[in-house]
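*Asks:* Build me a model from this:
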Amino acid sequence: MSSKSEQEKTDAWKFSYLPLSYRTQQGLMSSKFVTMTAIQKASLPHSLAGRDVLGAAKTGSGKTLAFLIPVLELLWRVGWTNLDGLGALVLSPTRELALQTFEVLCQIGKKHNQISAGLVIGGGTHLEREQECIGNMNILIATPGRLLQHMDQTPNFNTSNLQILVLDEADRMLDLGFKKELNAILENLPIQRQTLLFSATQSASVSQLARLSLKEPEFVSVHAQSVWSTPSRMQQYYSVFPLQDKINMLWTFLRKNTNSKILVFFSTQKEVRYINESFRLLRPGIPVMHLHGKMSQMKREKVFFRFQEMESAVLFATDVAARGLDFKKIDWVLQFDCPEDVDTYIHRCGRTARYKDKGSALLFLLPSEIKMVELLKARKIPIEESHPNSADVMDINNPLQELLLQHNEIKYLAQKALRAYLKSVHLMQNKEVFNFDALPYQEFSKSMGLIGVPQIKLVQTAKVDKNELRNQEKLERLFNNAEASEKESIIPVRPKKVQRNKVQKLLDRKNTTVFSEAAMKLIEPEESEDILVKKTENQAHLQDFGELKKRKDRGPTIDTLDLEVDNKINFYEKAKQDIDAVDPSDKREYMQKVRERKLKKKEQEKEEERSLRPNQYSATLAETVDSEEEFVGKEYYSSDEDEEEQEQYNPRPPPNKRQRNF
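*Replies:* Below you'll find the predicted structure:
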């Protein structure tokens, strides 16, 4: 009897126990998804019933399937097709997480042939190609910034029929500054929809977003009563040592774990670049690669898939890889820099010990950052101190100095990395953990291979989120759609520019007798006292007046600077009248010269025609006529008057291609 109850309990955790369609069941079985996780078992009954769900679970607990299965089932039940437009929208905070979610959707939904799915992320140049296809997508996985761009710029993108909205890693989207983008997106979505919101942590901002987007949601938190905030299969350690020993400790750790898959987190992307380039040349005995937000989308995807397939490698990354990414079998997660808060620590460590795998995490701390251990333990994180053997630590200070002397580009990377790290510590909010004055940055500079300390300027500035500024213009247009539609019929009248006449422009000029060096080079040595105005062949003669000095042979110089304002205006007015009076006569003379030139050219062409015509006809006739009989009854005229009349009856023979036919 007990064995039967245990079997029923085991079956209740299988996907086959749920009322899913045959196509979804086949997709899950082919992808080897058989047993549900805790978050899936708790949330799927509510989401499949059409209720809004607010889910909270640890990292690596299977939240992706918890919202992809309801998406497929909802569209399948209503008979959704390509003609119905967009039915489901999934928002992810990072491109890598969106790409990974799209891959899982393709695996479990490959049997749903009537449903189309698309991936819309930034960082690429294929916006036009996305605009052509986005109108035919039924399921869309996107990042907030790219989706907002399509809402603003793509005419055929319509969300009026949306059935279900998914917000994955909502806390991370808010941390990255996507609050305004999310509000703008929600304003353009229909009210009657189902919404699923999943997050690893529940903060005040997430609760506020839930109030705006969810209606009477079911709150699902499978680990709320758990003893620890991180998976029990994860072993967590921390080590305390001076700042100048960090790089040596990292090198020693990699040399001792060459058969492991390691993920190393840094605070800044400049540190990632410096460590990657220097370690790549020093060769620690394990493949090294790096990932950060400044890389192009193509490179990020290439690194992501390459690290995913390798069994042993090390990936240096920023927090862009700390959320949602499911790397296969990560053995170690090493945090080179102390995280800014406990939530960041949890998400970094969450890249290992996912689902049923085991993993370990190691945190490097400075003596001034020991306060972070108390904060971690206060959040139910079991972490132990690890004491490395100082005799086993490998010193690479001298190899780094030699490397920087040979490669200037790496030296510049080291300088930038040092500045970026010090700046990140200086801007940290928790001053109890991050004490900038206690940093031995001179010793740290030497440990990086730098001979001297670069100049560092730290200015306390207000924190400005780049994501908030990036789409500000798009947000304003989306929020003001109603006002813009009312003002479409109103044509704005631009103020007319004040037109100034030539006299006013001349009066506005200053230092009219002072010329640049380029202008003085145009003056010949024998005429250094005069201004030489070069004339082109087609220019008419210029009448010097005003501030232009006349040549000596043309009379005395007129200096307008000695005149009073009223006399100066009269002088320029008179000069303008003289020019207007001379212009018609100059134009007539110019037109007469043009006509004479044309007549002369025509006469030359006629003379050439008369000289070439006999030779031309003899050449063409010799080439085209085979017998004398063909010449009978044919006449050829050389007169210009009769040529056009006779051409229709006696067409000319074909001209020689090497000679011009007039």
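
*Asks:* C-alpha from now on. contacts and neighbour counts both.
*Replies:* Fine.

*Asks:* got the residue ranges for the strands in the stretch 201-350 of the chain?
*Replies:* 218-221, 234-240, 261-265, 288-291, 313-317, 332-335 (DSSP state E, counting those that start in this stretch).

*Asks:* next one: the chain
*Replies:* In the chain, strands defined by DSSP state E lie at 53-56, 88-91, 117-120, 139-142, 164-167, 194-199, 218-221, 234-240, 261-265, 288-291, 313-317, 332-335, 359-365, 384-385, listed in chain order.

*Asks:* Take the ones you listed and write them to a markdown table, including distance to Thr24.
*Replies:* Converted to a markdown table, the strands of the chain look like this (distance: least, Cα to Cα, whole Å):
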| stretch | distance to Thr24 |
| --- | --- |
| strand 53-56 | 21 |
| strand 88-91 | 16 |
| strand 117-120 | 15 |
| strand 139-142 | 15 |
| strand 164-167 | 17 |
| strand 194-199 | 19 |
| strand 218-221 | 23 |
| strand 234-240 | 32 |
| strand 261-265 | 33 |
| strand 288-291 | 34 |
| strand 313-317 | 35 |
| strand 332-335 | 34 |
| strand 359-365 | 31 |
| strand 384-385 | 44 |
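
*Asks:* Would you mind giving those strands as TSV with distance to Glu181, mean pLDDT and mean neighbour count added?
*Replies:* Below are the strands of the chain laid out as TSV (distance: least, Cα to Cα, whole Å; pLDDT from 0 to 100; neighbours: other Cα atoms under 10 Å):
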stretch	distance to Glu181	mean pLDDT	mean neighbour count
strand 53-56	20	90	24
strand 88-91	11	96	24
strand 117-120	15	94	20
strand 139-142	13	96	24
strand 164-167	13	95	23
strand 194-199	16	91	24
strand 218-221	24	88	18
strand 234-240	35	94	19
strand 261-265	28	95	26
strand 288-291	25	95	22
strand 313-317	26	96	24
strand 332-335	31	95	25
strand 359-365	34	95	22
strand 384-385	40	94	14
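
*Asks:* on that earlier part again, mind giving me JSON lines with the strands of the stretch 201-350 of the chain and columns for distance to Leu254?
*Replies:* Listed next are these as JSON lines, based on distance: least, Cα to Cα, whole Å:
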{"stretch": "strand 218-221", "distance to Leu254": "37"}
{"stretch": "strand 234-240", "distance to Leu254": "15"}
{"stretch": "strand 261-265", "distance to Leu254": "8"}
{"stretch": "strand 288-291", "distance to Leu254": "10"}
{"stretch": "strand 313-317", "distance to Leu254": "8"}
{"stretch": "strand 332-335", "distance to Leu254": "10"}
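
*Asks:* closest one to Thr352 among these?
*Replies:* strand 332-335 (6.7 Å; Cα to Cα).

*Asks:* what's that closest one in contact with?
*Replies:* For strand 332-335, contacts defined as Cα atoms under 8 Å, 6 or more residues apart in numbering pick out 260-266, 348-349, 351-352, 359-364.

*Asks:* Which strands border that strand, and is each parallel or antiparallel?
*Replies:* If you go by DSSP bridges, strand 332-335 pairs up with strand 261-265 (parallel), strand 359-365 (parallel).

*Asks:* residue closest to the middle of this structure?
*Replies:* Gly123 (3.8 Å; Cα atoms, centre = their mean).

*Asks:* which residue sits closest to that one in space, ignoring its chain neighbours?
*Replies:* With Cα to Cα, 6 or more residues apart in numbering as the criterion, Gly123 has its nearest non-adjacent residue at 5.1 Å, and that residue is Gln297.

*Asks:* Count residues in the vicinity of the one you found, would you?
*Replies:* Look at Gln297: counted by other Cα atoms under 10 Å, it has 17 neighbours.

*Asks:* go on, Tyr345?
*Replies:* The burial count assigned to Tyr345 is 17, neighbours taken as other Cα under 10 Å.

*Asks:* got a list of what it touches?
*Replies:* Pro339.

*Asks:* And Gln192, by the same measure?
*Replies:* Gln163.

*Asks:* Please repeat the previous calculation with a cut-off of 10 Å.
*Replies:* Neighbouring residues of Gln192 by Cα atoms under 10 Å, 6 or more residues apart in numbering: 160-164, 215.

*Asks:* can you check Ile410 too?
*Replies:* 273-275, 277-278, 400, 403-404, 416, 449.

*Asks:* Quickly note the distance from it to Pro45.
*Replies:* Ile410 is 55 Å from Pro45, where distance means Cα to Cα, to the nearest Å.

*Asks:* what do you get for Ser360?
*Replies:* For Ser360, the distance to Pro45 - Cα to Cα - is 34 Å.

*Asks:* now do Asn408
*Replies:* 60 Å.

*Asks:* just Ser296 next, same as before
*Replies:* From Ser296 to Pro45 the distance is 40 Å (Cα to Cα).

*Asks:* Could I get the full set of helices for the stretch 201-350 of the chain?
*Replies:* For the stretch 201-350 of the chain, helices defined by DSSP state H, counting those that start in this stretch occupy the ranges 204-213, 246-256, 269-282, 297-309, 342-349.

*Asks:* Can you check which of the ones you listed gets nearest to Asn82?
*Replies:* helix 204-213 (26.4 Å).

*Asks:* dump the residue contacts of the nearest residue to Thr154 once chain neighbours are set aside.
*Replies:* Using Cα to Cα, 6+ apart and skipping the chain neighbours, the partner closest in space to Thr154 is Gln131 (6.0 Å). Residues counted as contacts of Gln131 (Cα under 10 Å, 6+ apart) are 120, 150, 153-157.

*Asks:* Now do Gln131, the pLDDT please.
*Replies:* Residue-level confidence at Gln131 comes out at 89, pLDDT.

*Asks:* do you know how far it is from Lys294?
*Replies:* 25 Å.

*Asks:* per-domain residue ranges of the protein.
*Replies:* The chain resolves into domains spanning 2-221, 234-398, 509-599 when parsed by automatic domain parsing.

*Asks:* could those go into CSV alongside distance to Glu609?
*Replies:* CSV is the format used below for the domains of the chain (distance: least, Cα to Cα, whole Å):
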stretch, distance to Glu609
domain 2-221, 58
domain 234-398, 67
domain 509-599, 15
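
*Asks:* By mean pLDDT, show me the worst of these.
*Replies:* domain 509-599 (a mean of 58).

*Asks:* Spit out the contact partners of Leu291.
*Replies:* 265, 269, 272-273, 276, 299-304, 315-321.

*Asks:* one more time with 8 Å
*Replies:* So Leu291 contacts 272, 300, 303-304, 315-318, 320-321 (Cα under 8 Å, 6+ apart).

*Asks:* now, among the residues you listed, which is nearest to Ser611?
*Replies:* Taking those together and measuring to Ser611 by Cα to Cα, the closest member is Arg300, at 75.0 Å.

*Asks:* Look up the closest residue to that closest one, ignoring the ones flanking it.
*Replies:* Leu291 (6.4 Å).

*Asks:* partners of the one you found in the sheet?
*Replies:* When assigned by DSSP bridges, Leu291 has beta-bridge partners Ala317.

*Asks:* Look up how far Val206 lies from it.
*Replies:* Applying Cα to Cα to Leu291 and Val206 gives a distance of 28 Å.

*Asks:* before we move on, back to that, so for Asp168, which of the strands of the stretch 201-350 of the chain sits nearest?
*Replies:* Of all those, strand 218-221 sits nearest to Asp168, with 14.5 Å by Cα to Cα.

*Asks:* Right, I'll leave it there.
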